[in-house]
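Chemist: 3D, please:
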Amino acid sequence: MASLQQLTLTHSSSSSIATHLSPKIYSYPHLRRRSLLPSASAARDSPPPLHESTIGRRELIGLHAAAALSLSTLGSKALAGEDVLSEWERVYLPIDPGVVLLDIAFVPDDPSHGFLLGTRQTLLETKDGGSTWAPRTIPSAEDEDFNYRFNSISFKGKEGWIIGKPAILLYTADAGDNWKRIPLSSQLPGDMVFINATGDKGAEMVTDQGAIYVTSNAGYNWKAAIQETVSATLNRTVSSGISGASYYTGTFSNVNRSPEGNYVAVSSRGNFYLTWEPGQAYWQPHNRAVARRIQNMGWRADGGLWLLVRGGGLYLSKGTGISEEFEEIPVQSRGFGILDVGYRSQAEAWAAGGSGILLKTTNSGKTWARDKAADNIAANLYAVKFVNDRQGFVLGNDGVLLKYLG
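Modeler: Sure, this is the predicted structure:
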C-alpha cells in the first residue's frame, strides 16, 4: 500500500453496540497474595530429637541455646535480605492457566480503578488498586466465534479505549462502566497493536504495519497521521544503507510511545528500528548500533532511549532524544533475555525478562541489581508498567502479575 487514506466510519447509531460489562462471580478461597520474600520457615524447623539418656540435661540445654542462636542469626540475615529486594508481591488472578497478560491501565481520576488485558479474551477489573481482580465479559464479543487477544488499553480522564485481535475496538466515556463497540473499516492496514487516549473523544492508534491514525469523534472517523506504511517507506529507502531492510516482513515486533508523542518501533526480525515524531510524513529507519538483534526499545524518563538485545544485553542511548549511539550497561541477566524496562522515576527503573528475571536501578541505569526473590517465579515477565511513582505492575505469561509495594 503506497499511501494511507482517511478511514470514514459513518453509520447509524444502531450500528454501534453499547455494551455493559457484566461481572462474573467467582470464589477462590485458596488464592491469596503472597510476598516474593522467601519464607524463613525452614529456619524455624525443630532440630532432630535428642535422647536424654545419652546427653545430659546441661548439654541438652546448651545444644538448644546454640541452635537457637544459630537459627536466629540465619533468620535475621534472610529477613534483612542482603540480596533480596522485597518490593513486589504476586497477585493471584481468577483466570485460566496459560493466559499471557498484555497491558494494564487505570482511570486517572480514580487510581484504585483499573483494567487488565490478556490473551484468551481476558479482561479483568480492579477497584482496590490492583490487590484483587474480577473477570468482566463483553457480551457482543462473546456472541462471536472469535477468541480475542486484547492488546492495548488507555485512559484519559473517564474516556478509555481497548483494541484487540481479531480487529476489535471498544470505547468508554464513563470510566469503564459501559463500553461501546466501534465498527472498523476493512481497509485498515495491519493489526492494531497500540492505542493512546488523548481526551475529548480523541485517540491515536498504531498498527503493526506502521499506520498511525487519529480520531476526534469517538472513533467514527479516523485520519491518517502518516502518509504510508513502513513497507512503502523501506521500498523507497532500501538503497539508503539500512541493514536488513530488504528482508523486512512488513510488521513491527514492538512499538513504544513517549509522553511527548514520539514513537520507536522494532522490526519483526530485530535487525533495525524506526522512529516517528509528530508532523513527520514517514517513519525514519535506523541501523542498529549493536551486533545482536534488537529485542525491544523504549523511552527513558529523561527522554533518551533504552535498547534490549536478544540474549540479555541492555543499552542506553547517549544523551536524550532520538539517537543511534548507544552504550552497553552490564546486567546480571543469567543469559536470559530482558524483555522490557519501566521507569518509576528518572533515577529508578525496573527491567524484567525470561525465567523471572527482575532487575532494578536507582542511578538512572548506570548499575543494575537483580531481585533474587523473583528467581522462583516460573514465568517469563513481558512488561513493566508504572502508573505513577507509587503504583506499578509486572505482567507475565501463565497469568503472572506482580504488584509494586515500594
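
Chemist: run the chain-centre distance for stretch 339-357.
Modeler: Distance, stretch centre to chain centre, for stretch 339-357: 10 Å (C-alpha atoms, centre = their mean, to the nearest Å).

Chemist: got a pLDDT number for Ile377?
Modeler: pLDDT, Ile377: 87.

Chemist: okay, now it: neighbour count?
Modeler: Counted with other C-beta atoms under 10 Å, the neighbours of Ile377 add up to 20. In this view, the C-beta of every residue, glycine as well, is placed from N, C-alpha and C.

Chemist: how about it: what's its closest non-neighbour residue?
Modeler: The shortest distance from Ile377 to any non-neighbouring residue, by C-beta to C-beta, 6 or more residues apart in numbering, is to Gly356 (3.6 Å).

Chemist: which helices and strands does the strand or helix carrying Leu117 pack with?
Modeler: Remark: Leu117 resides in strand 110-118, with elements defined by DSSP states H and E. Here strand 110-118 touches strand 101-107, strand 122-126, strand 149-156, strand 159-165, strand 381-388, going by 3 or more C-beta pairs under 8 Å, 6 or more residues apart in numbering; DSSP states H and E.

Chemist: most packed of those strands?
Modeler: Each of those was given a mean neighbour count from mean count of other C-beta atoms under 10 Å, and the largest, a mean of 24, is that of strand 159-165.

Chemist: quick one: strands adjacent to that one?
Modeler: Its sheet considered, strand 159-165 pairs with strand 149-156 (antiparallel), strand 168-172 (antiparallel) by DSSP bridges.

Chemist: hmm, back to that, so for Gly399, which of the helices and strands packed on strand 110-118 sits nearest?
Modeler: strand 101-107 (6.7 Å; C-beta to C-beta).

Chemist: so which elements touch that closest one?
Modeler: Against strand 101-107 (3+ C-beta pairs under 8 Å, 6+ apart) you get strand 110-118, strand 149-156, strand 381-388, strand 391-396.

Chemist: distance from the longest one to the middle of the chain?
Modeler: For strand 110-118, the separation from the chain centroid amounts to 13 Å (computed by C-alpha atoms, centre = their mean).

Chemist: which outside residues touch that strand?
Modeler: 93, 95, 99-107, 122-130, 133, 136, 149-153, 160, 162, 164, 175-176, 387-388, 391, 395, 399, 401 (C-beta atoms under 8 Å, 6 or more residues apart in numbering).

Chemist: repeat that for 7 Å
Modeler: By C-beta atoms under 7 Å, 6 or more residues apart in numbering, the residues outside strand 110-118 that reach it are 99-107, 123-130, 133, 150, 153, 162, 175-176, 387-388, 391.

Chemist: list the buried residues in that strand.
Modeler: For strand 110-118, a neighbour-count test (16 or more other C-beta atoms under 10 Å) marks 113-118 as buried.

Chemist: those into JSON lines, with extra columns for distance to Tyr343 and pLDDT?
Modeler: Formatted as JSON lines, the buried residues of strand 110-118 follow (distance: C-beta to C-beta, whole Å; pLDDT from 0 to 100):
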{"residue": "His113", "distance to Tyr343": "23", "pLDDT": "98"}
{"residue": "Gly114", "distance to Tyr343": "19", "pLDDT": "98"}
{"residue": "Phe115", "distance to Tyr343": "22", "pLDDT": "98"}
{"residue": "Leu116", "distance to Tyr343": "20", "pLDDT": "98"}
{"residue": "Leu117", "distance to Tyr343": "21", "pLDDT": "98"}
{"residue": "Gly118", "distance to Tyr343": "23", "pLDDT": "97"}
